[in-house]
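Okay, sequence plus prediction incoming.
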Protein chains: 2
Amino acid sequence: MKNVEYWQPELETMPRQQLEALQVEKLRRTIDLCLQSPFYKRVLGERGITSDTIKTIDDVRRLPFTTKQDLRENYPFGLVGGNMKDAIRIHSSSGTTGNPTVVTYSRHDIESWANMIARSMYMVGCRDTDVFQNSSGYGMFTGGLGFQYGAEKLGATTVPAAAGNSKRQIMFIRDFGTTCLHAIPSYAIRLAEVFHEEGIDPRSTKLHTLFIGAEPHTDEQRRRIERLLGVKAYNSFGMTEMNGPGVAFECQEQNGMHLWEDNYILEIIDPDTLEPVPDGEIGEMVLTTLDRTMMPILRYRTHDLTRILPGDCPCGRTHRRIDRIKGRTDDMFIIKGVNVFPMQVEKILVKYPGLGSNYLITLDSEGDNDVMTVDVELDGLNTDVYPELQRMTKDIQRALKDEILLTPRVRLVKKGSLPQSEGKAVRVKDLRPGRG
Amino acid sequence: MKNVEYWQPELETMPRQQLEALQVEKLRRTIDLCLQSPFYKRVLGERGITSDTIKTIDDVRRLPFTTKQDLRENYPFGLVGGNMKDAIRIHSSSGTTGNPTVVTYSRHDIESWANMIARSMYMVGCRDTDVFQNSSGYGMFTGGLGFQYGAEKLGATTVPAAAGNSKRQIMFIRDFGTTCLHAIPSYAIRLAEVFHEEGIDPRSTKLHTLFIGAEPHTDEQRRRIERLLGVKAYNSFGMTEMNGPGVAFECQEQNGMHLWEDNYILEIIDPDTLEPVPDGEIGEMVLTTLDRTMMPILRYRTHDLTRILPGDCPCGRTHRRIDRIKGRTDDMFIIKGVNVFPMQVEKILVKYPGLGSNYLITLDSEGDNDVMTVDVELDGLNTDVYPELQRMTKDIQRALKDEILLTPRVRLVKKGSLPQSEGKAVRVKDLRPGRG
């Protein structure tokens, strides 16, 4: 049964020309706001850019790019153009060393974000009669509160289960009649296993729809999740810098994710020439916020590789569709829904005098669980002072947990036992199926 | 500097007579709603109770009590009087064995709850210019989303830090200019320690106000927290059955917690005779919801022992004040903010054939950390099959974690080594200072 209704019919099916006019209008307002922020005041000022620079949507290319580095160097509030008195929330990436990426939201921003998620959920058939369970971590991670507010805006009955405790998740699914679930793909598979272990057929529950995202996965994995749990699984794309989830979302056609162009300007560029690539070709996604009143971001280099899927979608929505994320232009990797840079690991390791500088991060799957292992060479310390090494291993593990918010395996290995690289060191080996 | 403003002046300073008239009106509406719920339809029907039963506030005593057992037996939605289509959230107590306590909220209920928390925060001087950090667990635990929505309603800038990672909490406090923090008392002390370890003087931050609750503590502990962190710490009382936090809250006088009587009817009864005790005398607190449109609860026996503090409060609020919780009438205990019944532990232990029926839960403090240890006697198994016992210990620990959401120490001990009790077994030994 196809859903032929829209949450916001006019906006979702707006003719392209009108949609682009709306984008121009909102971009001009965004630039006015940018000029109130210390960071953009400087970088736009240097270039003489004002809202008058923008006449057509192509003029977005006259604006400078913004990078994660810009966010870090202007931590925490250097990109805020609104009045901090109007800020009602802060979200932040993980990390205690270096500066985390921080986003500040006004009440308007929180409501606009919730509305994008409500629109996305409605698009795949979710209604106020549905029971929505969220297995995301809550707190600073945007997958928790983001979906919470969106599902409440939709009027669904929300079950804020948060991460972990699969038996309890299943108990809630059964007892509360959960129909829709938000989960990272690897956790969806884990849940299917626990259903099996408990002797419960997921098809005996009311669960029918899954929202999966925040972790790279293949279409085969999606189909497997659908088979195992007897559900439809829809891809979701988001990132904290752009609010969180709700940036792009699949419709019932499952043929790519509609990027909500009334709230974001989408560009796909060649990461070397920085010029746009034609529709259908893979490049780096660049996004500009259009509906934020606290912290606008212009032409953010996401480092995510994807492409615009050419052609119209049978669902009738005019917002263009992006393909699933094909990879990264930097060395960031995603494990269990958490973004990790090798630099974060390195920053911890250099604090230990007994360690050498050679280390290797291995990502692998065990069953359906992703596992991260950090091997690091000893230097000065011997492998025979066992109790000391054991203490150190635990200590490093704890420090890494504090930094990246998940606990990797840590192995201290003999000097010279890791592969030596000439030139740029290879720090990450991704052995997970379909990646690396 | 005293705060002499009110969030809702008319309601907070309403003359008693008028406040009681408002309670009568809201109680009558609540009874009408109760009659829509399967549970109350039966128990009120049997007694011939309708909203007409209530003429004056004293008529509340003509209503039957509601117990935790009633909530469990009518799990999950037997007390719901509203239309489930209007439900937008479910919160639940911990536990996967037995039925957890579940509360269902309409949009009105969530907004009313947020308003109570905003009112409480405003009462101690919090404003929309403050930065509020929440170190509660989020998800199903009401301390997370409860304070989140309340602080956003107030217009404060919220930092949803969630539980744990003290270094990160301190980083947020410094970098985001956090002024107000919600924490359980033992965690507030832990944070003070980490400040010290990091060589940071908490007085060099902007932190000035703490909300502490969800865990029994003495006034000496409160004063210690205030000294260690250089803040004012205000007591907060709440429970999931009554929404969560925001039921009663201290004002700047710090002389007991104003219970928000426009939203709850407060009774203190003798737990044996079930008759009211005079003001100033300790008894069991009984609460009735007055502002819920989804799941009303009449005369809920909280099992918390406290008393009404006689006299008027200099702050001008007319809502009566309750003393800090003095203990429980049942065997529930609270550790690290989590409510635990010995029965939850017992339910896990009986699943293991090699164990005897004698067990003992010991609660103790190590430094400022509370620790829970479960000793259980072996029966049939010997202490010499070490690897097997080790596996079993881990297994029990994991099952207990699933059930009570915190990890206790587990020790399998020789048969006969725990104290034998004649009559009612003593299952809990609370060695923490100021308790037991």
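That came in fine, so what should we check first? Keep in mind it's a predicted model, so treat the numbers as computed, not measured.

Can you get me a residue count around the closest residue to A:Pro276 other than its chain neighbours?
Spatial nearest neighbour of A:Pro276, chain neighbours left out: A:Ile269 (5.7 Å); criterion: CB to CB, 6 or more residues apart in numbering or on different chains. The way it works is simple: take the backbone N, C-alpha and C, and place the C-beta from them, glycine included. Neighbour count for A:Ile269, taken as other CB atoms under 10 Å in any protein chain shown: 18.

contacting residues around A:Ile269?
A:Glu275, A:Pro276, A:Val277, A:Gly283, A:Glu284, A:Val286 (CB atoms under 8 Å, 6 or more residues apart in numbering or on different chains).

Nearest to chain B among the residues you listed?
Nearest to chain B among the contacts of A:Ile269: A:Val286, at 27.9 Å, using CB to the nearest CB.

hang on, isn't that closest one packed against A:Asp270?
No: A:Val286 lies out of contact with A:Asp270 (CB atoms under 8 Å); the separation is 10.8 Å.

Which one of those two is surrounded by more residues?
Comparing A:Val286 with A:Asp270 by other CB under 10 Å, the one with more neighbours is A:Val286, at 24 against 13.

Which strand residues bridge that one?
Beta-bridge partners for A:Val286, by DSSP bridges, are A:Glu267, A:Arg301.

Give me the sheet partners of the longest strand along chain A and which way each runs.
Counting by DSSP state E, the longest strand found in chain A is strand A:355-366. Looking at strand A:355-366 with DSSP bridges, its partner strands are strand A:369-378 (antiparallel), strand A:428-430 (parallel).

Flag every buried residue along stretch A:415-431.
Using 16 or more other CB atoms under 10 Å in any protein chain shown as the test for burial, stretch A:415-431 gives A:Leu418, A:Arg427, A:Val428, A:Asp430.

In a markdown table, list those along with pLDDT and distance to A:Arg328.
Formatted as a markdown table, these follow (pLDDT from 0 to 100; distance: CB to CB, whole Å):
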| residue | pLDDT | distance to A:Arg328 |
| --- | --- | --- |
| A:Leu418 | 88 | 23 |
| A:Arg427 | 85 | 13 |
| A:Val428 | 88 | 11 |
| A:Asp430 | 87 | 11 |
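
which residues make contact with stretch A:33-40 from outside it?
With CB under 8 Å, 6+ apart as the contact definition, stretch A:33-40 has outside contacts at A:41, A:44-45, A:50, A:70, A:74, A:78-82, A:292-293, A:295-296, A:298.

On the pLDDT front, check A:Ile361 for me.
Looking at A:Ile361, its pLDDT stands at 93.

Can you name the residues that contact the nearest residue to it once chain neighbours are set aside?
Excluding the flanking residues, the one nearest A:Ile361 by CB to CB, 6+ apart is A:Val428, at 4.8 Å. Listed by CB under 8 Å, 6+ apart, the contact partners of A:Val428 are A:Asp331, A:Phe333, A:Pro342, A:Leu360, A:Ile361, A:Thr362, A:Leu363, A:Gly436.

Would you mind measuring from the fifth one to chain B?
Between A:Ile361 and chain B the distance is 21 Å, computed by CB to the nearest CB, to the nearest Å.

re earlier: would you check how far apart the residue nearest to A:Ile361 and A:Glu241 are?
22 Å (CB to CB, to the nearest Å).

about what we covered before: among the strands paired with strand A:355-366, which is the most enclosed?
strand A:369-378 (a mean of 19; mean count of other CB atoms under 10 Å in any protein chain shown).

pLDDT averaged over the helix or strand that comes right after it - what is it?
As assigned by DSSP states H and E, the chain's next helix or strand after strand A:369-378 is helix A:386-404. Helix A:386-404 carries an average pLDDT of 87.

Give me the buried positions along the next helix or strand after helix A:386-404.
Per DSSP H and E, the first helix or strand lying C-terminal to helix A:386-404 is strand A:409-413. For strand A:409-413, burial by neighbour count (16+ other CB under 10 Å) applies to A:Val410, A:Leu412, A:Val413.

ok, for the last one, nearest residue in space, not its chain neighbours?
Same thing as A:Val413. Excluding the flanking residues, the one nearest A:Val413 by CB to CB, 6+ apart is A:Asp375, at 5.3 Å.

OK, contacts around whatever residue of the stretch 151-300 of chain A ends up closest to chain B?
The minimum distance from the stretch 151-300 of chain A to chain B, using CB to the nearest CB, falls at A:Ala162 (2.9 Å). Contacts here follow CB under 8 Å, 6+ apart; on that basis A:Ala162 touches A:Asn134, A:Ser135, A:Ser136, A:Gly137, A:Tyr138, A:Gly144, B:Gly137, B:Tyr138, B:Gly139, B:Met140.

wait, what's in contact with the residue nearest to the fourth one when sequence neighbours are not counted?
The one in question is A:Gly137. Of all residues not flanking A:Gly137 in the chain, A:Ala163 sits nearest, at 4.4 Å (CB to CB, 6+ apart). Contacts for A:Ala163 (CB under 8 Å, 6+ apart) come out as A:Ser135, A:Ser136, A:Gly137, A:Tyr187.

re the thing from before, quick one: the residue nearest to A:Val413 from A:Asn369, how far?
19 Å.

How about A:Ala162?
Distance of A:Ala162 to A:Asn369, computed by CB to CB: 19 Å.

Over to A:Thr209?
Noted for A:Thr209: a distance of 24 Å to A:Asn369, by CB to CB.

ok so, going back, Throw the strands paired with strand A:355-366 into JSON lines and include distance to A:Thr178, thanks.
Shown next, in JSON lines, are the strands paired with strand A:355-366 (distance: least, CB to CB, whole Å):
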{"stretch": "strand A:369-378", "distance to A:Thr178": "23"}
{"stretch": "strand A:428-430", "distance to A:Thr178": "33"}
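
Which one of these lies nearest to B:Gln221?
strand A:369-378 (39.9 Å; CB to CB).

the inter-axis angle of the closest one versus strand A:409-413?
30 degrees (axes from the mean of the first three to the mean of the last three CA atoms, to 10 degrees).

what residues does strand A:369-378 touch?
Contacts of strand A:369-378 (CB under 8 Å, 6+ apart): A:186, A:190, A:335-336, A:340, A:345, A:349, A:354-365, A:389, A:396, A:400, A:406, A:408-418, A:432.

For that strand, the averaged confidence score.
Per-residue pLDDT over strand A:369-378 has a mean of 90.

As CSV, could you dump the C-alpha coordinates of it?
The C-alpha coordinates for strand A:369-378 follow below in CSV (Å, rounded to 0.1, in the frame of the first residue of the first chain):
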residue,chain,number,x,y,z
ASN,A,369,28.8,-7.0,15.5
ASP,A,370,31.4,-4.4,14.4
VAL,A,371,34.6,-4.5,16.4
MET,A,372,37.4,-2.0,16.6
THR,A,373,40.9,-3.1,17.6
VAL,A,374,43.8,-0.7,18.3
ASP,A,375,47.3,-2.3,18.0
VAL,A,376,50.1,-0.2,19.2
GLU,A,377,53.8,-0.9,19.2
LEU,A,378,55.8,-0.8,22.5
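
excluding its backbone neighbours, what's nearest A:Cys34?
Distance criterion CB to CB, 6+ apart; nearest residue to A:Cys34, sequence neighbours excluded, is A:Tyr40 at 3.7 Å.

Which parts of the helix or strand hosting that neighbour count as buried, going by neighbours?
Using DSSP H and E, A:Tyr40 maps to helix A:38-47. For helix A:38-47, the neighbour count (16+ other CB under 10 Å) marks A:Phe39, A:Tyr40, A:Val43, A:Leu44 as buried.

Next: stretch A:306-314.
By neighbour count on 16+ other CB under 10 Å, the buried set for stretch A:306-314 is A:Thr306, A:Arg307, A:Ile308, A:Leu309, A:Cys313.

wait, does stretch A:245-265 make contact with chain B?
No: Stretch A:245-265 is not in contact with chain B by CB under 8 Å from any CB of the partner chain; minimum separation 15.4 Å.

Tell me how many other residues crowd the residue in the stretch 301-436 of chain A that chain B sits nearest to.
Going by CB to the nearest CB, chain B is nearest to A:Asp402 of the stretch 301-436 of chain A, at 5.8 Å. For A:Asp402, the count of nearby residues is 18 (other CB under 10 Å).
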